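1. Model the structure of this input:
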Amino acid sequence: MKRFVPVLLALCLSALPAWADQFRVPAEPGALADALARATDGDELILAAGRHAGPLHIRHRLSLIGEDGAVVDGGGTGSVITVDAAGVTIRRLTVTNSGRSHDEIDAGVKLTKKARDARVLDNDILGNLVGVDVHGARDALVKGNRIEGLRLRRMNDRGNGVYVWNAPGAVVEENEIRYGRDGIFSNTSRHNTYRGNLFRDLRFAVHYMYTNDSTVQGNVSIGNHLGFAMMYSDRIVARDNISINDRDHGVMLNYTNQSDIFANFVTGGTEKCAFVYNSHRNLLADNTFHGCGIGVHFTAGSERNTITGNAFIGNQTQVKYVGTRDVEWSFEGRGNYWSDHPGFDLDGDARADSPYRPNDLMDHILWSQPAAKLLLGAPAVQLVRWSQAQFPAARTGGVVDSHPLTGAPVPDIPQPFQMLAQADPLWAKGEHDDDSDPLASD
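-> Purely as a prediction, here's the structure:
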C-alpha cells in the first residue's frame, strides 16, 4: 500500500490549479496594457503610483489594486475600466476622465453582464460621466468609494454616480457621492440594497424606476433637489434615511405600491417633506417630518395606505390633501404626533382625547383657487374656520387622525453630518437646473 502513496499524492497535486501570481505594474507607457494581456484568472495586479493610461478592458477574473497615488486615466474616450469577467475586484484606485457619451453610458467603471460578483471598493472615481455603471452584473458590490461627477450647467447633461440596470442582488453601500445628476439611479432591477451612502449636491439622492423588492436604508441626503424618489416600483423598504436641506421633497412615492416607508427623518426647510402621488397600500410609519413647507402632500387618488406613528413637527402646512371623504390616519388606535394639535390627554394613555383634522374647508378652497389667498385676513374666512371647528356637520372630507399622539422628540442629526448640514447647498447659491422635474420619467 505504501508504494501507492507517492503516486496518489502526485495525482492530487496535478489536479490543483496553478498558484495565482501577483505583479507590480509601473506607471509607464504600455505597462498596464501588457500586464492585462498576460494576466490569467486569479492574478493580482498592483498598480504603482502615477498615471496609467486607459481605457482598460478586463476579461479575466483578477484583482486590480492601486498603491497610494495610482491613477487610471481614460483619456476622455469610452469607459475608463470595463469589466467583462466574473469575480473581478477594482480597489484603491483613482479612476478619472471617461468619455461623455450618454448613448454608450461612458463610466469610470463599467460592469457588464459577465461581471457577476464584481467588487468595486475604496476607489476615488472622479470626473467621469457616470461613476459606476452596474449594467446587468448580478450580485455586484460597490462599496466605500468617493464618487464625484461632472458639474455641467444642466443637470440632465450629467451622468449618475451609480447606475444600476437589471442587476439583481447588487449592493451599493458606504459611498460618498457628489455632483453629477442622480446619486444612485436604479432602473428595471430587483432585489437590490442601497445603504449607508452620503449624497450631496445632486438632483435625486436615490432614484428608483421599475425597481422592485429592494431596500434603501441608512442613507443621508444633504442639499439635493430631492432626497429619495421611488417611482413605478413595488415592495420597497425605505427606512432610517435622513434628508437635510433638500429642495423639493425629502421622500417621494410616485406609482409606488406595497412599500414600507419607516423611521425616516426629513428636516431643513424642504418644500414638501413627503409627496405621495398615485401610490397605494403603503405603510408610512414612525417617520419625522420637520420644518417643511408641507409635511405630506397626498394626491392623485392614493388609497389604502396605513399612516401611523409619524411626527409632524413645525411644518407650515402639516398635510395637503384635497378629497371629499374622510381618510383615517391612524392604525389600531395609534395615530401620529401633530405639533399644532392643542389636545389634552386626561386618561394618560399618550393619545389626545380629541381627533385631529389638519385641513378645513378654507384650505381646500385656497388650494383649488389660489386667488382666494387675497381673502385670508377677511372676517368671513375666520368665521368659516371657526364654524367648522365647532360644528362637525360643517366639515368636508379630508385627513382625520382619530388617535393623535401627544409627544414625539425631534431626532438628532448625527454628528458627522452636522457641519455639512449647516453649509448652503449649491441649489441655494443659484446652481440649479430649470428642467429638473420631480415627476419626469427618464
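2. where does the stretch 1-150 of the chain have low pLDDT?
-> 1-20 (pLDDT under 70).
3. can you do 50?
-> Along the stretch 1-150 of the chain, the model assigns pLDDT under 50 to residues 1-18.
4. got the residue ranges for the helices in it?
-> With helices called from DSSP state H, counting those that start in this stretch, the stretch 1-150 of the chain shows them at 4-15, 31-38.
5. is it true that residue 327 touches residue 398?
-> Yes: Residue 327 is within contact range of residue 398, at 7.0 Å (criterion: Cβ atoms under 8 Å). No exception for glycine: its C-beta is placed from N, CA and C like everyone else's.
6. domain assignment for the protein?
-> 44-174, 182-359+398-442 (automatic domain parsing).
7. What's opposite residue 178 in the beta bridge?
-> The partner list for residue 178 in beta bridges (DSSP bridges) reads residue 148, residue 200.
8. how far away is it from residue 197?
-> Distance, residue 178 to residue 197, using Cβ to Cβ, to the nearest Å: 11 Å.
9. More neighbours: which of these two?
-> residue 197 (28 against 21; other Cβ atoms under 10 Å).
10. quick one: residue 43 and residue 25 touch, right?
-> No: with contact defined as Cβ under 8 Å, residue 43 does not count as touching residue 25 (10.9 Å).
11. could you pull out the helices for the stretch 251-400 of the chain?
-> 361-368, 379-390.
12. Now do the last one, average pLDDT.
-> Put plainly, it is helix 379-390. Taken as a whole, helix 379-390 carries a mean pLDDT of 51.
13. ok, back up a step: higher neighbour count, residue 43 and residue 25?
-> More crowded of residue 43 and residue 25, by other Cβ under 10 Å: residue 25, with 22 against 18.
14. Surely that one and residue 44 touch.
-> No: counting by Cβ under 8 Å, residue 25 sits too far from residue 44 to count as a contact (10.5 Å).
15. shared neighbours of residue 327 and residue 398, anything?
-> Common contacts of residue 327 and residue 398, defined by Cβ atoms under 8 Å, 6 or more residues apart in numbering, comprise residue 321.
16. Looking only at neighbour counts, state which of the two leads.
-> Ranked by neighbour count (other Cβ under 10 Å), residue 327 and residue 398 place residue 398 first, with 21 against 18.
17. While we're on that one, how confident is the model there?
-> Looking at residue 398, its pLDDT is 81.
18. Would you mind stating the distance between it and residue 294?
-> 14 Å.
19. Same check on residue 399?
-> 12 Å.
20. any shared contact partners between those two?
-> residue 319.
21. low-scoring pLDDT stretches of the stretch 251-400 of the chain, where are they?
-> 361-362, 364-367, 369, 372-374, 381, 385-386, 390-391, 393-394.
22. circling back: for the domains of the chain, give me JSON lines that also has distance to residue 34.
-> Below are the domains of the chain laid out as JSON lines (distance: least, Cβ to Cβ, whole Å):
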{"stretch": "domain 44-174", "distance to residue 34": "11"}
{"stretch": "domain 182-359+398-442", "distance to residue 34": "36"}
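23. Which of these sits closest to residue 36?
-> Shortest separation from residue 36 across the domains of the chain is recorded for domain 44-174, at 6.5 Å, computed as Cβ to Cβ.
24. Could you tell me the end-to-end distance of the closest one?
-> One end of domain 44-174 sits 24 Å from the other (Cα to Cα, to the nearest Å).
25. Can you give the distance of that domain from its chain's centre?
-> 19 Å (Cα atoms, centre = their mean, to the nearest Å).
26. can you check stretch 327-339 too?
-> That offset, for stretch 327-339, works out to 27 Å (Cα atoms, centre = their mean).
27. again with stretch 416-427
-> With Cα atoms, centre = their mean, you get 18 Å for stretch 416-427.
28. Tell me which residues of that stretch come out buried.
-> Of the residues in stretch 416-427, those buried under the neighbour-count criterion (16 or more other Cβ atoms under 10 Å) are 420, 421, 425, 426, 427.
29. From these, pick the one nearest residue 232.
-> Closest approach between the buried residues of stretch 416-427 and residue 232, by Cβ to Cβ: residue 427, at 25.2 Å.
30. Am I right that that closest one is in a helix?
-> Yes: secondary structure of residue 427 (DSSP: H, G, I helix; E, B strand; the rest coil): part of a helix.
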